[in-house]
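Chemist: Coordinates for the following, if possible.
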Amino acid sequence: MAARIEDYALIGDGRTAALISRQGSVDWLCWPRFDASALFAALLGTEEHGFWRLAPQAAHVETRWAYREGSLVLETHHKTREGEVRVVDYMPVGDGSHLIRLVEGLHGRVAMRMDLAMRFDYGSAVPWVSHNELGDLRAISGPHKAVLRTKAPLRGHGQTTVSEFTVHAGEAVAFTLSYGASHEDDPAPIEPCKVLAATDRFWRDWSDRCASGTPWDAMLKRSLLTLKALIYMPTGGIVAAPTTSLPEDLGGVRNWDYRFCWLRDSTFTLLALMDGGFLDEARAWRDWLQRAVAGNPEQAHILYGIAGERLLPEIELDWLPGYEGSKPVRVGNAAVSQFQLDVYGELFDALYQARMRGMPTDKDGWRVGLAIIAHLEKVWSEPDEGIWEVRGGRKHFVHSKVMAWVAFDRAIRSHTGQADAPDAPVARWKAIRDQIHAEVCEKGFDPELNSFVQYYGSKKLDASLLLIAHMGFLPQDDPRVAGTVEAIGRDLMRDGFILRYDTRGQTTDGLPGNEGAFLPCTFWYADNLIGLGRRAEARALIERLIGICNDLGLVSEEYDGKARRLVGNFPQAFTHVALVNTILNYSRAEGPAKERGGADDSDAPAGRDLRVHQPHAVASGLAPQ
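Modeler: Sure thing, here's the model as predicted:
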């Protein structure tokens, strides 16, 4: 059975990523891209579906692991009665696709065992295994090929390759697994120790530019490193997670493929990268956004493939039993065809924030924006599936309408006083913006609850409403915003964390079962506490959130408070982005929440104050610790 979700580490090469358990088993790896079929799929099944374990043979082993400082190179120390070894796992960044496992003897001697079961196409295809002319192990299945190079002895055992060897102090044994196309020559060999130094240097050089000066600098850097690892470097697209179908409800059906790029993450991700000190990655993400949405605005999607692909059909892999029996295992995502108004606001806000940071929009970018906003004029009043991609029917979700307001607001700001902006019907946009604002305040706020609600006419709450102030729709200290924060904290808090919404018969999302607390929403709640000046509560909540990250600083999408376990796809970019932004919100007078919601538009609609409350800060701009 697969390990607990929190007992996995992530390594990657800027094109894909692998999950390695604390016990030394690679249980998930899609090659050569995040969204390719898996070579190792034991995470969602059993060892029959592919794994690569490297561990001591002793019965009693003390194990500890850690990333190298500022790096994605993983070091796992195994100590037995006879000695100690260090296993170094890494994937070189650059040409080729390689996963290297280096065993280094530290003290005494340690008997080791390596078990390798390659299963292409998500564990469904056992390859033909042979040796090439150099003695390397070669596995071929259809278009796929993997080559294992090592000086350790190898033998076959059933349909698994096994190596048993002993490492003494001062010795090193390397295993290099390389991927290539079956119709091409075998991947060229590489020198493990040489590429280790280069890989470590790559990550350290990158992370050395990370922002600092917060109470949680180590977590800030690790989250940004994790986000970097989820960027598909050839295009700049950022996957929501490197996994599919890790359940939101253990044993349930809430299992989704997250190896794609969601527009809803756009602005949060952009701000996290820019404020974290990484403008090149932010610019690449902005460029990916512009390319992905280019075309007929009526055909815009809520999510795309890592290169901007639009055809992402959802299928079920019935041969995989699922993580801890959570079925079905899904590949692709049917939500791609949903209609979600909030993505328009995300897109325009992301492009606006990028423009304010010195990333100019070219002629095509302006034209694409004008076409999309013209389409939004026609559809903003329609119901949609909402930010959570519910499968229970369309509604007039309040968050969706707020984000439609954001789209018009940012379009107005972008075209007002900008010399390079083309002529646009700004007056008409202002009228629509004000209409949306009035409608949301009238139909989306319940005076009895003293809170905004999930959709027009309902009595239900939704954690997405925590974003109202951060979007600049209303100021943080508006009584309606404060009331909403209070209501959500009272009704959606479970075991110290915030639910997206209550699934216990209160919200029809079209799915059976429950789910864990949604961690990005919990960070949004902390952001509101910061904005309301409740800094002690905010800090305690941030510490609680950091406390459920695993010992490597990785976290998933949700948390099961009863089981005290991480659930959902792992590691989750949206959660790490929220962690970065909340740390910066707490630590800076001008954090992402202030930057996103602030405004310089003097023509604001009546009753709307665009000022966003700033947390108190010392003169240096850092909050007192």
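Chemist: Gly156: what secondary structure?
Modeler: Assigned with DSSP: H, G, I helix; E, B strand; the rest coil, Gly156 falls in the strand class.
Chemist: Can you get me a residue count around it?
Modeler: For Gly156, the neighbour count with other CB atoms under 10 Å is 10. In short, each C-beta sits where N, CA and C put it, glycine included.
Chemist: Show me what Ile315 bridges to in the sheet.
Modeler: Here Ile315 sits in beta bridges with Val331, going by DSSP bridges.
Chemist: Now do the contacts for it.
Modeler: In this structure, Ile315 makes contact with Arg330, Val331, Gly332, judged by CB atoms under 8 Å, 6 or more residues apart in numbering.
Chemist: if we go to 10 Å?
Modeler: Asp257, Pro328, Val329, Arg330, Val331, Gly332, Ala334 (CB atoms under 10 Å, 6 or more residues apart in numbering).
Chemist: Neighbour-wise, which one of those leads?
Modeler: Neighbour max across those (other CB under 10 Å) = Val329, 25 neighbours.
Chemist: That residue is in contact with Asn255, isn't it?
Modeler: Yes - using CB atoms under 10 Å, Val329 is in contact with Asn255, at 6.5 Å.
Chemist: joint contacts of those two?
Modeler: Jointly contacting Val329 and Asn255 under the rule CB under 10 Å, 6+ apart are Leu44, Thr244, Ser245, Leu246, Pro247, Glu316, Gly322, Tyr323.
Chemist: Can you give me the neighbour number for the fourth one?
Modeler: Going back to what we said before, that points to Leu246. By other CB under 10 Å, 31 other residues sit near Leu246.
Chemist: Ignoring the adjacent residues along the chain, who's closest to it?
Modeler: Excluding the flanking residues, the one nearest Leu246 by CB to CB, 6 or more residues apart in numbering is Asn569, at 4.7 Å.
Chemist: do you know how far that neighbour is from Gly325?
Modeler: Going from Asn569 to Gly325 by CB to CB, to the nearest Å gives 17 Å.
Chemist: what about those two, which has more around it?
Modeler: Each of Asn569 and Gly325 has its neighbours counted (other CB under 10 Å); Asn569 has more, 27 against 11.
Chemist: Shouldn't that one be within a strand?
Modeler: No - applying three-state DSSP, one finds Asn569 to be coil, outside a strand.
Chemist: Tell me if I'm right that it and Trp262 touch.
Modeler: No - contact between Asn569 and Trp262 fails when scored by CB under 10 Å: they sit 11.9 Å apart.
Chemist: Identify the contacts common to these two.
Modeler: Common contacts of Asn569 and Trp262, defined by CB under 10 Å, 6+ apart, comprise Val239, Ala240.
Chemist: How about the contacts made by the residue nearest to Leu246?
Modeler: 5, 239-248, 255-259, 556-558, 575.
Chemist: helices and strands around the helix or strand where Ile488 lies, which ones?
Modeler: Assigned by DSSP states H and E, Ile488 belongs to helix 479-491. Packing partners of helix 479-491 (3 or more CB pairs under 10 Å, 6 or more residues apart in numbering; DSSP states H and E): strand 445-446, strand 451-452, helix 519-531.
Chemist: If we use 7 Å, what do you get?
Modeler: strand 451-452, helix 519-531 (3 or more CB pairs under 7 Å, 6 or more residues apart in numbering; DSSP states H and E).
Chemist: now those in TSV, with distance to Phe51 and mean neighbour count?
Modeler: As requested, the helices and strands packed on helix 479-491 are exported to TSV (distance: least, CB to CB, whole Å; neighbours: other CB atoms under 10 Å):
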stretch	distance to Phe51	mean neighbour count
strand 451-452	47	26
helix 519-531	28	26
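Chemist: Thank you kindly, that will do.
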